[in-house]
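S.K.: Okay, here's the prediction I keep looking at, along with the sequence it came from:
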Amino acid sequence: QVQLVESGGGLVQAGGSLRLSCAASGPILSINTMAWYRQAPGKQRELVADITSEGSTNYADSVKGRFTISRDNAKNTVYLQMNSLKPEDTAAYYCNGRVRVTTMPFRLYDYWGQGTQVTVSS
């Protein structure tokens, strides 16, 4: 079974930085887009940033210029560097990967990590 495991969350003061990592493992043939989403209490899950296998990136307006998404295809890992953090960035952050599995017929499936909490204090 494919698994995505996040790490790197925690408590940080406003203006600080954190780096999230998400490693995918299991019967993986390839991974198309990888993404980070977040969900704050009482709010819907929202896209933070995504990155294609070729390295094209997309960001939510609220994080442009502060967050950077990157990936290491050889390690099936995606990262989110978060700088200049604000209290409104407080949320559970979830990794998502669109994975082509090794078993026939080699379909694409969406997988999610378990989430990692980021809390930014003012």
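M.R.: The structure has been received and is ready for your questions. Numbers count the residues shown, from 1 in each chain.
S.K.: tell me the centre residue of this structure?
M.R.: Centroid-nearest residue in the chain: W36, 2.7 Å away (criterion: C-alpha atoms, centre = their mean).
S.K.: Not counting sequence-adjacent ones, nearest residue to that one?
M.R.: V48 (4.4 Å; C-beta to C-beta, 6 or more residues apart in numbering). Where C-beta positions appear, they are placed from N, C-alpha and C, glycine not excepted.
S.K.: Can you list the buried residues in the helix or strand harbouring the one you found?
M.R.: According to DSSP states H and E, V48 maps onto strand 46-51. By 16 or more other C-beta atoms under 10 Å, the buried positions in strand 46-51 come out as V48, A49, D50, I51.
S.K.: Please compute how far stretch 40-47 lies from its chain's middle.
M.R.: 14 Å (C-alpha atoms, centre = their mean, to the nearest Å).
S.K.: same thing with stretch 34-45?
M.R.: Centroid separation for stretch 34-45 versus its chain: 10 Å, with C-alpha atoms, centre = their mean.
S.K.: how long is it end to end?
M.R.: This stretch, stretch 34-45, spans 16 Å end to end (C-alpha to C-alpha, to the nearest Å).
S.K.: so how far is N73 from G65?
M.R.: For G65, the distance to N73 (C-beta to C-beta, to the nearest Å) stands at 25 Å.
S.K.: again with L18
M.R.: Counting by C-beta to C-beta, the gap from L18 to N73 is 23 Å.
S.K.: same question, V48
M.R.: Counting by C-beta to C-beta, the gap from V48 to N73 is 20 Å.
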